[in-house]
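Enquirer: Below are the sequence and a predicted model for it; my questions follow.
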Amino acid sequence: MSGQTSAIGVDNAITIQFPKEKEVKLDLLVFNKHYGDIFACEDKPVDTPGKDLLDDKHKGQKLAEKRLLHIQALLPYPCMIESIEVLSAQFHGLKLIVYGSKMTKNGDFVHYQKCETAVPTIGIGEFSQAASFLSTVISFQRNVMMCLKKIQVMCQEAYQYPVEYLELPSNNQETFCRDDTPESDNGCVKSSVSVESQRSDGDWRSEVRKQSIMNSVHDKLEKMCYG
């Protein structure tokens, strides 16, 4: 996959700042140089008050909304954002909670808890708990990478369509005449299509283009696997 994905984690919290907003502190941030922040994680000790945990949850939701808006701006069509899910996580002592967030085509955000697991304690008979924790972490990683793959597929389809179908740029809708035809004015090329016809033809082409790209993206997403 193009682009580099990196994780930042230090003893002191990471500080990020959005334009015209106050700074936000995080314990872990994973980002991609092309698509921005991928997911964030908070780590709190077991004796953390419930209010602080709830504040971290709300902070994660706000960051997820900003990530979804950023991703939507990268996509060929805003409605494609419905296929994208961004994840965040929260450690509370040994417990790990994974949250998911999505955005509807109408611009509404939906936040939900995907799963909960815990780091296994040392003892006999804890192998099933260890397997559950490891499976959750692996699935979490795959879901994050899947989100990146989806974005890449959507963007590539938009670039590939005009090449595959030899589509002219939207600002080049004129038809041209040879110099020896009656439509030519003193050998100068001119358009034989009215502005209204150009606009109607452009709308039709745009709709066909959108439907073709959406269908192609849908087919590729259906075949996509969690590798």
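Expert: Noted; the coordinates are in hand. Numbering: from 1, shown residues only.
Enquirer: For the protein, which segments are assigned as helices?
Expert: 50-74, 127-164, 195-223 (DSSP state H).
Enquirer: need these in a markdown table with distance to Glu82, mean pLDDT and mean neighbour count, can you?
Expert: Heads up, the C-betas are built off the backbone N, CA and C, glycines and all. Listed next are the helices of the chain as a markdown table, based on distance: least, C-beta to C-beta, whole Å; pLDDT from 0 to 100; neighbours: other C-beta atoms under 10 Å:
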| stretch | distance to Glu82 | mean pLDDT | mean neighbour count |
| --- | --- | --- | --- |
| helix 50-74 | 10 | 90 | 16 |
| helix 127-164 | 11 | 85 | 15 |
| helix 195-223 | 11 | 76 | 13 |
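Enquirer: so Ala130 touches Thr121, yeah?
Expert: No: counting by C-beta atoms under 8 Å, Ala130 stays clear of Thr121, with 9.6 Å between them.
Enquirer: got any residues that touch both of those two?
Expert: Common contact partners of Ala130 and Thr121 (C-beta atoms under 8 Å, 6 or more residues apart in numbering): none.
Enquirer: before we move on, back to that, got JSON lines for the helices of the chain, with distance to Leu26 too?
Expert: Below are those laid out as JSON lines (distance: least, C-beta to C-beta, whole Å):
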{"stretch": "helix 50-74", "distance to Leu26": "8"}
{"stretch": "helix 127-164", "distance to Leu26": "16"}
{"stretch": "helix 195-223", "distance to Leu26": "30"}
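Enquirer: Ser88 is nearest to which of these?
Expert: Smallest distance to Ser88 across those (C-beta to C-beta): 4.1 Å, for helix 50-74.
Enquirer: any idea of the angle the closest one forms with helix 127-164?
Expert: Counting by axes from the mean of the first three to the mean of the last three C-alpha atoms, to 10 degrees, helix 50-74 lies at 20 degrees to helix 127-164.
Enquirer: Tell me the helices and strands packed up against helix 50-74.
Expert: Helix 50-74 sits against strand 23-26, strand 36-44, strand 86-92, strand 95-103, strand 109-118, helix 127-164, with contacts defined as 3 or more C-beta pairs under 8 Å, 6 or more residues apart in numbering; DSSP states H and E.
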